[in-house]
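Peer 1: Next come a sequence and a model predicted from it.
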Amino acid sequence: MERLKIRYEDTKRAIRTLRDILQQPYSIIVRDAAIQRFEYTFEALWKFIKEYLKVKEGIICHSPKSCFREIFTIGMIKEDETIKLLEMTDDRNMTSHTYKEEVAQIIYGKLKDYSELIEGVIRHFEV
């Protein structure tokens with residue numbers, strides 16, 4: 001149970017750092033920092049959900065998409081949230097290509113919505 005609480009707090013802290021950088025005026029440095037914060041916020045979120053499902057529901061999942069589908073299946077999130085989480089997973093996988101200017105701009109343009117989505121999803125959990 002302690003590990004679950006640690007993962008939850010890590011996720012909340014990561015969300016705050018993402019939200020903070022998104023409030024900064026745009027620059028390439030801010031964009032790149034925001035993308036990196038999105039990467040670790042995403043990782044914290046899905047690993048928290050993975051641990052939550054294991055501890056609270058007895059469900060084992062091994063990937064972000066499988067974890068997001070499982071929390072939908074057990075009724076913790078809505079279908080539209082699930083679809084957005086799956087799309088967000090695809091974008092997270094694209095962050096290794098942000099050396100391409102167009103990819104970086106597209107992902108950065110979605111980060112405000114993703115930040116709000118992550119904040120909304122984490123509210124469904126009580127730890």
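Peer 2: Nice, thanks for sending it over. Numbering: from 1, shown residues only.
Peer 1: Just the buried residues of the longest helix anywhere in the chain, please?
Peer 2: The helix that spans the most residues within the chain, counting by DSSP state H, is helix 28-52. For helix 28-52, a neighbour-count test (16 or more other Cβ atoms under 10 Å) marks 31, 33-35, 37-39, 41-42, 44-46, 48-52 as buried. To be clear about C-beta, it is placed using only N, CA and C from the backbone, and glycine gets the same treatment.
Peer 1: Which residues are in contact with residue 89?
Peer 2: Counting by Cβ atoms under 8 Å, 6 or more residues apart in numbering, residue 89 touches 42, 46, 64-65, 68.
Peer 1: Specify which member of these is nearest to residue 127.
Peer 2: Of all the contacts of residue 89, residue 46 has the smallest distance to residue 127: 15.4 Å, by Cβ to Cβ.
Peer 1: which element is residue 103 on?
Peer 2: Per DSSP states H and E, residue 103 falls inside helix 101-122.
Peer 1: Now do the contacts for residue 78.
Peer 2: Counting by Cβ under 8 Å, 6+ apart, residue 78 touches residue 72.
Peer 1: next one: residue 46
Peer 2: Applying Cβ under 8 Å, 6+ apart, the residues near residue 46 are 64, 67-68, 89.
Peer 1: Let me have those in TSV, extended by secondary structure.
Peer 2: Converted to TSV, the contacts of residue 46 look like this (DSSP: H, G, I helix; E, B strand; the rest coil):
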residue	secondary structure
64	helix
67	helix
68	helix
89	helix
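Peer 1: What is the most widely separated pair among those residues?
Peer 2: Distance extremes for the contacts of residue 46: the farthest pair is 67 and 89 at 9.7 Å, using Cβ to Cβ.
Peer 1: ok, residue 120 to residue 99 distance?
Peer 2: 31 Å (Cβ to Cβ, to the nearest Å).
Peer 1: no, scratch that, I was asking about residue 9
Peer 2: Residue 9 is 32 Å from residue 99, by Cβ to Cβ.
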